[in-house]
Each structure stands twice: as C-alpha cells, then as structure tokens.
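Engineer: sequence first, predicted model second:
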Amino acid sequence: MQPAGDRAVWVFGYGSLCWHPGFEYDEMLTGFVRGFCRKFWQGNTTHRGTEDKPGRVATLVEEKGAVVWGRAFRLRGEAALPYLEAREVRLGGYEVRPADFHPADGKTAPFAALAYVATPGNRHWLGDAPLPLIAAQIADSCGASGHNVEYLVRLARFVRQHAPPEAADEHLFALEAMVLSAVKERDLCLKTLMGEEPRRLSLSPEPDQLEAEGAAALRPDTFEFTSRVPPKKLRCLNI
C-alpha cells in the first residue's frame, strides 16, 4: 500500500539510482524489498561499458527469503518517468516491475514502488558466471559514465553505510573484494577509476539528449571520469 494519502509514483533504486537518481524527487527513503537478491548479471554498453567490451551492472533476481536494500524516490513532476524510460529501458534494457518497498525508518508502512529489472532475453543480458570472471569483466570495462569499478565500489559503499550489518550482500561484497584486489595487482589508481572533480549537470536531461549523448549526461552528483583522463593515458592503463 502507499503511505496514507499518497498517490504519487515511487521508484525503487538498487543500483546507481542509490547515489545518482538523476531526476527531481520530493522525498527519498532508505529501505528494502523482499524476495529478491542483487546480481551483476546485466550487461551495459553505454553507461559502464561499450559494445565491444560490455560492463556488468546490477539487476534483481527472485530468491525466496532474500532482501535487497536501496532507496525509494517519490517522483516530482512529469519529467522523471520519461528520463527513466530512456536511461533504464531504452539504454539499459530493463523492464518495469512492481515491488513492495519497506522503509527502514520504522514509521512508514510498506508501499508499492516501481523497480527496473533486467530479465533473460533482453539484448544486454549476460547472466550468471563464476565470480572471478564477473570481477575481471568489471575491472576491464569503462563507459561514458565512468569506469565499471566506480559503479561497483559506490554501490558497495552505499549498502555498507545504509543497510544493517546483518543484511550482508554476499554477491556484491565478494565482487568488490575481487575487483579491488585486481586493481591492486594491476597497479592501477583507484582514485583515478573513481573520479576526482565533481561537475554538476542538469538533474533532468531530456530523453533525446540522454540517448544522443549516451550516459555522459548521467553523472551530475558523481564524478566525470572520461572528460579528465587524456585518451593516451587511458589506453596506457589497459583497462
């Protein structure tokens, strides 16, 4: 059910939406959905990878008794849904599914939210693989929004900071450990992979702009990686 008297649309974010929604909203709540686990089984060729070297991003997979922590956003105005349609569906390959969101504040009753979920059959689907192979793919991939390592590490930091200790996300944290180990072994600079200087953009770019520029318009509240690293330096990193 929705919070009392609330007929607004809520969206549940469990990936990059947790730290970068990219749209205007009236309210944000941290909490979880039941019956799903978070898996890096969806490929990405615009935000965190390319057609030649897809990255891996999170999706929800049904699993009895599992819990996924994230954030719910109460959308403002009419621009957010077209923006998400472009970002998550047309570019990302996700579908819209209903989910019951449970706020962590202990005061608000569970309510219905929309979740963007990738399923087998979409053109970006990569599916399950041994964790070392998934970690290697993440360590090797970079797209217009930045490096795939940044996506993974920021998501792990969010869960570690906002979810209770008992809500361990084993898949996420195991991948984080493997990827950070690969970064160290390759003598790469994690600070460079994560970005350094913030650059604010429009919070609600037009869907046409979003598709025309790829995910380069998706980083208002994070860091602009590709604009600062000279092409020759990026190639020398072999990432």
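Structural biologist: Cool, the structure landed. Numbers count the residues shown, from 1 in each chain.

Engineer: could you pull out the helices for this protein?
Structural biologist: For the chain, the helices defined by DSSP state H cover 80-84, 131-140, 148-162, 170-185, 190-194, 207-213, 231-237.

Engineer: where are the low-confidence patches of the protein?
Structural biologist: When residues are selected by pLDDT under 70, those of the chain lie in 1-6, 196-239.

Engineer: looking at it, G22 is touching A86, isn't it?
Structural biologist: No - using C-beta atoms under 8 Å, G22 is not in contact with A86; the gap is 10.3 Å. For glycine as for every other residue, the C-beta is placed from the backbone atoms N, C-alpha and C.

Engineer: so for those two, which sits in the more crowded spot?
Structural biologist: G22 (23 against 19; other C-beta atoms under 10 Å).

Engineer: now that one: how far from V96?
Structural biologist: 17 Å (C-beta to C-beta, to the nearest Å).

Engineer: swap in D140?
Structural biologist: 30 Å.

Engineer: could you do L172 as well?
Structural biologist: Using C-beta to C-beta, L172 is found at 23 Å from V96.

Engineer: now R74. Nearest residue, chain neighbours left out?
Structural biologist: Nearest non-adjacent residue to R74, counting by C-beta to C-beta, 6 or more residues apart in numbering: E27, 4.0 Å away.

Engineer: isn't the one you found up against F73?
Structural biologist: Yes - with contact defined as C-beta under 8 Å, E27 counts as touching F73 (7.4 Å).

Engineer: which residue ranges of the protein form strands?
Structural biologist: With strands called from DSSP state E, the chain shows them at 10-13, 25-44, 55-75, 95-103, 111-117, 142-143, 146-147.
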